[in-house]
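A.B. asks: my questions are about this predicted structure, shown below with the sequence.
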Amino acid sequence: MTPITIQYSANLAAFVDERTFMEDFPDRSAYLLHLVDRLLVMHKKSTTSARHGDMTPEPPPDEAYLSRMREQLLSEDAKRAAYVRMKQQQDR
């Protein structure tokens, strides 16, 4: 299994093994929401940027954008769940 890699800024990366993902999070959107929240917390704690040696603080992420991202992930997960239920009913 290959690890899932999400990069945020030049100096931050989160690696999660697929087995850990499946054990800790029942669906992919729950995992992605967890990562978004974790990245937001890490960003708030960060005071410098490693981009091109720039030591100025990065602007905070747009809260409205993060909210839209969460809603989109939940919507996509609901669509996947509905599709799976429909396929299961067709197979019966």
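C.D. replies: Noted; the coordinates are in hand. Residues are numbered from 1 along each chain as shown.

A.B. asks: residue 73 reaches residue 33, doesn't it?
C.D. replies: Yes: contact criterion CB atoms under 8 Å: residue 73 and residue 33 qualify, at 6.1 Å. Bear in mind the C-beta positions are built from the backbone N, C-alpha and C, glycine included.

A.B. asks: can you name the next helix or strand after the strand or helix carrying residue 30?
C.D. replies: Assigned by DSSP states H and E, residue 30 belongs to helix 28-45. Remark: after helix 28-45, the chain's next helix or strand is helix 63-91, criterion DSSP H and E.

A.B. asks: helices and strands around that following helix, which ones?
C.D. replies: helix 28-45 (3 or more CB pairs under 8 Å, 6 or more residues apart in numbering; DSSP states H and E).

A.B. asks: quick one: mean pLDDT for the helix it packs on?
C.D. replies: Mean pLDDT, helix 28-45: 70.

A.B. asks: do the same with stretch 78-89
C.D. replies: 85.

A.B. asks: could you dump that stretch to PDB, C-alpha only?
C.D. replies: Output of stretch 78-89 as PDB, limited to C-alpha atoms (Å, rounded to 0.1, in the frame of the first residue of the first chain):
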ATOM      1  CA  ALA A  78     -23.000  11.400   0.900                       C
ATOM      2  CA  LYS A  79     -23.200  10.900  -2.900                       C
ATOM      3  CA  ARG A  80     -20.800   7.900  -2.700                       C
ATOM      4  CA  ALA A  81     -22.800   6.400   0.100                       C
ATOM      5  CA  ALA A  82     -26.100   6.800  -1.900                       C
ATOM      6  CA  TYR A  83     -24.400   5.200  -4.900                       C
ATOM      7  CA  VAL A  84     -23.200   2.200  -2.800                       C
ATOM      8  CA  ARG A  85     -26.700   1.800  -1.300                       C
ATOM      9  CA  MET A  86     -28.200   1.900  -4.800                       C
ATOM     10  CA  LYS A  87     -25.800  -0.700  -6.100                       C
ATOM     11  CA  GLN A  88     -26.400  -3.000  -3.100                       C
ATOM     12  CA  GLN A  89     -30.100  -2.800  -3.700                       C
END
